[in-house]
Every structure is written in C-alpha cells, then in structure tokens.
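Peer 1: Need the 3D shape of this:
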Amino acid sequence: MKIAVINKLTPEHPAWKHGKRLDVKIFTQLYPNGPQYYCGNGKYCENMEAAKTFIAEEAPDKISFKS
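Peer 2: Model prediction:
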C-alpha cells in the first residue's frame with residue numbers, strides 16, 4: 001500500500017524561496033496495519049494541483065493532508 005502525505009512548508013524552509021509551498025511524500029506500507037516507510041520518494045510542489053499531479057503518477061491508495 002502506498003500512502004501520500006502532504007505537509008505545508010513554512011516560510012523558513014529553503015524550498016519556499018523557489019515558490020514551493022507543499023511537501024509531498026509517498027510512504028510504503030508492506031502489510032496491513034504494519035509500519036509505514038519513507039523511501040525517499042517525494043517532491044516539493046508549488047500548489048495543490050502540482051501535488052495532485054505528482055500523487056496521480058505515484059498512484060497511492062490513501063492521501064493524508066497535514067498542516
């Protein structure tokens with residue numbers, strides 16, 4: 001199972017200078033109710049539309065938005 005987690009970046013984050021506002025990470029869960037692992041698959045995005053495009057490419061089973 002793949003799970004997409006979206007976090008808002010703060011103005012102090014270095015990516016903010018480049019117009020990025022969201023941090024999208026794809027976590028992998030090997031078995032139901034098991035731990036989730038971040039394997040370096042992620043992207044900083046400018047807006048929710050760019051985040052949704054990236055997520056669609058990765059085809060996660062679940063999306064979580066954290067502010």
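Peer 1: what stretches of this structure score poorly on pLDDT?
Peer 2: 59-60, 62-67 (pLDDT under 70).
Peer 1: which outside residues touch the lengthiest strand in it?
Peer 2: The longest strand of the chain (DSSP state E) is strand 36-45. Contacts with strand 36-45, where a contact means C-beta atoms under 8 Å, 6 or more residues apart in numbering, come from 3, 9, 15, 18, 20-30, 51, 54, 58. In short, each C-beta sits where N, CA and C put it, glycine included.
Peer 1: Just give the number of residues close to the residue lying closest to residue 15 once chain neighbours are set aside.
Peer 2: Once flanking residues are discounted, residue 15 sits nearest to residue 44: 4.4 Å by C-beta to C-beta, 6 or more residues apart in numbering. Using other C-beta atoms under 10 Å, residue 44 has 19 neighbouring residues.
Peer 1: Which residues does residue 44 form beta bridges with?
Peer 2: With DSSP bridges as the criterion, residue 44 is bridged to residue 23.
Peer 1: circling back: just the ones of the contacts of strand 36-45 in strands?
Peer 2: Those of the contacts of strand 36-45 lying in strands (DSSP E): 3, 22-29.
Peer 1: separation between the residue nearest to the spatial centre of the chain and residue 17?
Peer 2: When C-alpha atoms, centre = their mean is applied to the chain, the residue found nearest the centroid is residue 24 (1.8 Å). With the distance defined as C-beta to C-beta, to the nearest Å, residue 24 ends up 18 Å from residue 17.
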